[in-house]
Structure formats: C-alpha cells, structure tokens
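Undergrad: need a structure here:
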Amino acid sequence: MHIESEEILPEEEVRDASEIARRALALFAVVGLALGAPKETTLT
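TA: Numbering: from 1, shown residues only. Predicted structure coming up:
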C-alpha cells in the first residue's frame, strides 16, 4: 500500500501517551471480565 502524504493532526487532537495507556488498560480489563478471566488476573 502506497501512501502519498501523511496527515498531521493538530496539537489539540493528539492524545497524551498516559491517557492512551489508561484507556487501553481499561479496555483490556473490560474485555477480560467479559470473557470470564479469573478475578485475580484483572485489575480492580
């Protein structure tokens, strides 16, 4: 796949890395609970 130009996001649309990490961790926790992961392996 060839990309001729890259779109650069304005500064206000770029999320902080720690915010992305928190959201990803929350998503993994929710998916783990939904799939029935043992509670000792999920964050509370």
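Undergrad: can you give me the strands in this structure?
TA: Per DSSP state E, the chain carries no strands over any range.
Undergrad: how about low-confidence regions in it?
TA: Filtered on pLDDT under 70, the chain yields the residue ranges 1-5, 37, 39-44.
Undergrad: now Ala26: how far from Glu7?
TA: The gap separating Ala26 from Glu7 is 27 Å, by CB to CB, to the nearest Å. Backbone N, C-alpha and C define where each C-beta goes, glycine included.
Undergrad: the more surrounded of those two?
TA: Higher neighbour count among Ala26 and Glu7: Ala26, with 11 against 5, using other CB atoms under 10 Å.
Undergrad: any idea how far the more buried one is from Ile20?
TA: Ala26 sits 11 Å away from Ile20, taking CB to CB as the criterion.
Undergrad: how about Val30?
TA: On the measure of CB to CB, Val30 and Ile20 end up 16 Å apart.
Undergrad: can you check Val14 too?
TA: Distance from Val14 to Ile20, by CB to CB: 10 Å.
Undergrad: and Glu7, by the same measure?
TA: 18 Å.
Undergrad: spatially central residue for the chain, please.
TA: Taking CA atoms, centre = their mean, the centroid of the chain lies closest to Ala24, which sits 2.8 Å from it.
Undergrad: can I get stretch 10-20 in CSV, CA atoms only?
TA: Output of stretch 10-20 as CSV, limited to C-alpha atoms (Å, rounded to 0.1, in the frame of the first residue of the first chain):
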residue,chain,number,x,y,z
PRO,A,10,-3.4,19.4,15.1
GLU,A,11,-1.8,19.5,18.6
GLU,A,12,-5.2,19.6,20.3
GLU,A,13,-6.2,16.3,18.6
VAL,A,14,-3.1,14.4,19.7
ARG,A,15,-3.7,12.5,23.0
ASP,A,16,-1.2,12.2,25.7
ALA,A,17,0.6,8.8,25.9
SER,A,18,-0.5,8.3,29.5
GLU,A,19,-4.2,8.9,28.5
ILE,A,20,-3.9,6.3,25.7
